[in-house]
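1. Starting from these lines, generate the structure:
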Amino acid sequence: MKPHGFLPLLLATLLLTACSSQLLEEVDSSGVAGDCRDGTKIFNTFNMTAKSVRWATSKDAKDKAAVLTIDLSFDNATNWPVALSNSGNGVLYSIEYSLSGDSAPVYAPKDTTGVFKNIHKPIELAKPEAGKLIFAAPKANYLLTIERTFSGAPMPGKREDHIASCRIFATDAARSPILRAISRIY
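-> Numbering: from 1, shown residues only. Alright, predicted model coming up:
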């Protein structure tokens, strides 16, 4: 191979490697959604992080329902102000939130606050917006899913543009990366 023919091959290899590593950063090696407290890319537009996850249980032993409050923060990851409901192409979407478990039904929030009350308000650059999702659900490990829909129907196209999900754990022990790694082995 001639020395000048090697350079384009090297550049192509480096570009492919860089693209592959960028894709792998977005997905856990197990293919499982990550912990909401560690941050999640949402709609290829925002970085969403659970600032706190709090469970409140009833003092009545017969009442198995608990109240889960998730405080979320959204950072705009684009170069312009954009709302949760706006993909940047002029279409305004509705936003649906759900909590699902391994053997549990799907739960909708019983209340929302902050950015979730006004999904059409643009989130400015370098000015994170906060909001709470409040669910009535038994204490367990869940998958929090946030989805953009149009007229109540899922959107065609790339999944990551319309659906984002992350894990909510019932206890900090269940959240531990070491314990999660061990449980995958056994």
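
2. burial measure for His120, as a count.
-> The local packing of His120 (other CB atoms under 10 Å) involves 11 other residues. All C-beta spots, glycine's among them, are computed from the backbone N, C-alpha and C.

3. does it really touch Asn86, like I thought?
-> Yes. Taking CB atoms under 8 Å as the definition, His120 is a contact partner of Asn86 at 7.3 Å.

4. got any residues that touch both of those two?
-> Leu92 (CB atoms under 8 Å, 6 or more residues apart in numbering).

5. okay, Ser85: pLDDT?
-> pLDDT, Ser85: 89.

6. show me the residues around it that make contact.
-> Ser85 is in contact with 92-95, 119-120, 148, counting by CB under 8 Å, 6+ apart.

7. Tabulate the residues you listed in TSV, adding columns for distance to Ile70 and pLDDT.
-> Shown next, in TSV, are the contacts of Ser85 (distance: CB to CB, whole Å; pLDDT from 0 to 100):
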residue	distance to Ile70	pLDDT
Leu92	24	78
Tyr93	21	83
Ser94	20	87
Ile95	15	91
Ile119	16	92
His120	21	90
Arg148	19	86
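
8. Can you name the two of the residues you listed that sit furthest apart?
-> Spatially, the most separated pair among these is His120 and Arg148, at 12.3 Å (CB to CB).

9. Helices of the chain, residue ranges please.
-> Counting by DSSP state H, the chain has these helices, from start to end: 3-26, 172-175, 177-185.
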